[in-house]
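J.: sequence first, predicted model second:
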Amino acid sequence: MTVHAYGAHAGDQPLVAMQIQRRTPGPRDVQIAIAYCGVCHSDLHQVRAEWAGTRFPCVPGHEIVGKVAAVGAEVSGFQPGDLVGVGCIVDSCRQCAECDDGLENYCDGMVGTYNGPTADAPGHTLGGYSQQIVVDQRYVLRVRHDEAQLAAVAPLLCAGVTTWSPLRHWKAGPGKKVGVVGIGGLGHMAVKLAHALGAHVVAFTTSDSKREAALALGADEVVVSRNAGEMAAHGTSFELILNTVAAPHNLDAFLQLLKRDGAMVLVGAPATPHPSPAVFNLIMKRRTLAGSLIGGIPETQEMLDFCAEHGVVADIELIRADGINDAYERMLKGDVKYRFVIDTATLGG
Ligand code: NAP
Ligand code: ZN
Ligand code: ZN
């Protein structure tokens, strides 16, 4: 089937309206009428070819929510009309240890929702800035929020699970002091989720203007990280710091704040490396510097269910598809509270 989409033909070109093909649903496939798609900073990195290996045309988008339009004969658990989501993963090898453990995000055969290998035309996957998508049922998530919240649920599919996974793995919860660096799309979800998990949350921002807003998100304290005095006031008191910043910066300023055995987890993925941290900041207190990639399918469902139960959604600004290029420029300036979401009703004619 031919559907309207928005994407780019080259890394130095703006996104434009285009038509793409979706496969006819196979026996295990779910066809989804996409209602909304969140705009992740990874979309910008990839569509502008800032990371290696972008294939064009590139249709970004991996924060997809919508309604099931059709299901294949072998699909169980989904039926037309169901509210569903698709995140960053649309396939994986299904037989390695990572897939067995429900950590498809770490499978060597993981297929991204866009820019991944596929037999479908044009030979790589095309993402959620489009009207319809067809996905194997194993990678489709159930959305239990009210339909009225659907647009604000979209960012949970990447920003939500990318912060949920390390918060759970490093056991954020009551009695733990958790820092979140960078209060953008990922960071604002990290603050909400860490707060809902019961941790004491400190938001680190470079933007004075986000001070009040970060408290409203659920932060217990806010630090403007350019202010050395505010940083030093926290001593060595953090169990966990989640770093979501999309640009290279000085990691030592944050590593120094970890207590013994504390960990800083990098989820931000800048196109050029951070300056290497000082080894002594790691060895003096047996600190860990780690990374984390999105999340597996079961933990994505766990996060969605937790958010439905606790009333957690993203703070969003709804945009038209033809506003995407402006939205990217504003995202680069940190001028969004906190996630742009495309209304796919504005796609095509
Ligand atoms: P975003 O909405 O643009 O937020 C990034 C935030 O980082 C900004 O709001 C800003 O927060 C801070 N920041 C940006 N540039 C900075 C700079 N030069 N110096 C200091 N702080 C800066 O982006 P996002 O969608 O949350 O994504 C963040 C990063 O995570 C991107 O690199 C993205 O590709 C990556 N990502 C990784 C995964 C994964 O699986 N690991 C998944 C999704 C996204 P303040 O204004 O508060 O300082
Ligand atoms: Zn993303
Ligand atoms: Zn696998």
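T.: Alright, I've got the coordinates. Ligands and ions are numbered 1, 2, ... in the order given.
J.: give me phi/psi at the most far-flung residue of the chain relative to its centre?
T.: Here the chain reaches farthest from its C-alpha mean at Met284, the gap being 32.8 Å by CA atoms, centre = their mean. Main-chain dihedrals, Met284, degrees, to the nearest 10: phi -60, psi -30.
J.: again, but for Ala321
T.: Main-chain dihedrals, Ala321, degrees, to the nearest 10: phi -60, psi -40.
J.: check contacts around it.
T.: Residues near Ala321 by CB atoms under 8 Å, 6 or more residues apart in numbering: Tyr6, Ala17, Tyr129, Ile342, Asp343, Thr344, Thr346, Leu347. Any C-beta I mention is one placed from the backbone N, CA and C, and that applies to glycine too.
J.: check whether the longest helix seen in the chain comes near ligand 2.
T.: The residue-count maximum for a helix in the chain (DSSP state H) belongs to helix 297-310. No: Helix 297-310 stays clear of ligand 2 (CB under 5 Å from the ion), getting no nearer than 12.2 Å.
J.: which elements pack onto the very next helix or strand once past that helix?
T.: Using DSSP states H and E, the helix or strand that directly follows helix 297-310 along the chain is strand 316-319. With contacts taken as 3 or more CB pairs under 8 Å, 6 or more residues apart in numbering; DSSP states H and E, strand 316-319 sits against helix 150-153, strand 339-343.
J.: any idea which helix or strand comes after strand 316-319?
T.: Following strand 316-319 toward the C-terminus (DSSP H and E): helix 324-332.
J.: pull out the buried residues from that following helix.
T.: For helix 324-332, the neighbour count (16 or more other CB atoms under 10 Å) marks Ile324, Ala327, Tyr328, Met331 as buried.
J.: would JSON lines of those with pLDDT be doable?
T.: Converted to JSON lines, those look like this (pLDDT from 0 to 100):
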{"residue": "Ile324", "pLDDT": "98"}
{"residue": "Ala327", "pLDDT": "98"}
{"residue": "Tyr328", "pLDDT": "98"}
{"residue": "Met331", "pLDDT": "96"}
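J.: which residues touch the residue of the stretch 51-200 of the chain found nearest ligand 1?
T.: Closest residue of the stretch 51-200 of the chain to ligand 1, CB to the nearest ligand atom: Gly184 (1.8 Å). Residues in contact with Gly184 (CB under 8 Å, 6+ apart) are His41, Thr244, Ala246, Met331, Gly334, Val336, Tyr338.
J.: need the residues you listed in CSV with distance to ligand 2 and secondary structure, can you?
T.: Below are those laid out as CSV (distance: CB to the ion, whole Å; DSSP: H, G, I helix; E, B strand; the rest coil):
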residue, distance to ligand 2, secondary structure
His41, 7, helix
Thr244, 11, coil
Ala246, 11, coil
Met331, 12, helix
Gly334, 17, coil
Val336, 14, coil
Tyr338, 13, coil
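J.: of these, list those near ligand 1.
T.: The subset of these within reach of ligand 1, counting by CB under 6 Å from any ligand atom, consists of His41, Thr244, Ala246, Met331, Gly334.
J.: which of the residues you listed lies closest to Ala278?
T.: Comparing the ones next to ligand 1 among the contacts of Gly184 against Ala278 with CB to CB picks out Thr244 as the nearest, at 21.7 Å.
J.: can you name the residues of the stretch 101-250 of the chain that neighbour ligand 1?
T.: 158, 162, 182-187, 205-207, 210, 244-247, 249.
J.: so which of those residues sit within helices?
T.: Thr162, Gly185, Leu186, Gly187.
J.: now do the first one: how many residues are near it, please.
T.: When you say that, I think you mean Thr162. Other residues lying near Thr162 total 30 when counted by other CB atoms under 10 Å.
J.: around ligand 3, pick out the residues from the stretch 51-200 of the chain.
T.: Where the stretch 51-200 of the chain comes near ligand 3, counting by CB under 5 Å from the ion, the residues are Ser92, Cys93, Cys96, Cys99, Cys107.
J.: try it again at 6 Å.
T.: Contact residues, the stretch 51-200 of the chain versus ligand 3 (CB under 6 Å from the ion): Ser92, Cys93, Cys96, Glu98, Cys99, Cys107, Gly109.
J.: contact partners for the nearest residue to the second one once chain neighbours are set aside?
T.: In this case it means Cys93. The shortest distance from Cys93 to any non-neighbouring residue, by CB to CB, 6 or more residues apart in numbering, is to Gly109 (3.5 Å). Contact analysis of Gly109 by CB under 8 Å, 6+ apart lists Asp91, Ser92, Cys93, Cys96.
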